[in-house]
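# got a structure for you, letters missing:
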């Protein structure tokens, strides 16, 4: 009897670790509303809100994105001049915070073969550690334009500073917050 009670207790605890959110807007809005005030969520929002971030991977190439403090996101995908508007949020899921993104339904990710329209999440710490640059400000003017003046290189790992130079923008380069988590690939 004791083993059965232990088993059911364990089953109930483990079922609480499973996400019940299917990525739909309604489900996700409820998740955001209940997790806005945790310390971990606020910390990630403070680090990422109002910044231009740079991510590089073999599959995608260099991606630049402005993450507005208002939850809006503006992505430049390698090889495109058009800025893809979207949304971002930090949510608490169990013990971990996650960073989540949603882009328009008509958008397409060629690496994952997925269309936009639904929230896609990953652990916030993993996301931040993968970023090579996190710099305050909209350094590539992504929220103010729908199109960059020039296509950025597709498969080349370039810095925010190099991208600014490439498109002819001049702004003071702010401190790279990514150096706090990612010292190996850090460009101060």
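Happy to help now that I have it. Small disclaimer: the values here were computed from a predicted structure and weren't measured.
# tell me which helix or strand comes right after the helix or strand where residue 42 lies.
Using DSSP states H and E, residue 42 sits in helix 39-48. Note on helix 39-48: by DSSP H and E, the next helix or strand toward the C-terminus is strand 51-57.
# partner strands of that following strand and their direction?
When pairing is defined by DSSP bridges, strand 51-57 lines up against strand 61-67 (antiparallel), strand 133-136 (antiparallel).
# can I get those in TSV with mean neighbour count and mean pLDDT?
All C-beta spots, glycine's among them, are computed from the backbone N, C-alpha and C. Formatted as TSV, these follow (neighbours: other CB atoms under 10 Å; pLDDT from 0 to 100):
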stretch	mean neighbour count	mean pLDDT
strand 61-67	23	94
strand 133-136	22	96
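# just put these in TSV and tack on distance to residue 40.
TSV is the format used below for those (distance: least, CB to CB, whole Å):
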stretch	distance to residue 40
strand 61-67	17
strand 133-136	17
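# what about the longest strand in this structure?
strand 84-93 (DSSP state E).
# quick one: mean pLDDT for that strand?
Average pLDDT, strand 84-93: 94.
# for it, buried residues please.
84, 86-93 (16 or more other CB atoms under 10 Å).
# list the helices and strands it packs on?
helix 25-35, helix 39-48, strand 72-76, strand 96-102 (3 or more CB pairs under 8 Å, 6 or more residues apart in numbering; DSSP states H and E).
# ranking these by mean pLDDT, which is last?
helix 25-35 (a mean of 55).
# tell me the pLDDT of residue 20.
Reported pLDDT for residue 20: 54.
# wait, residue 148
According to the prediction, residue 148 has pLDDT 86.
# got a list of what it touches?
76, 81-83, 140, 167 (CB atoms under 8 Å, 6 or more residues apart in numbering).
# one more pass at 10 Å, please.
Residue 148 is in contact with 64, 76, 80-83, 140-142, 163, 166-169, counting by CB atoms under 10 Å, 6 or more residues apart in numbering.
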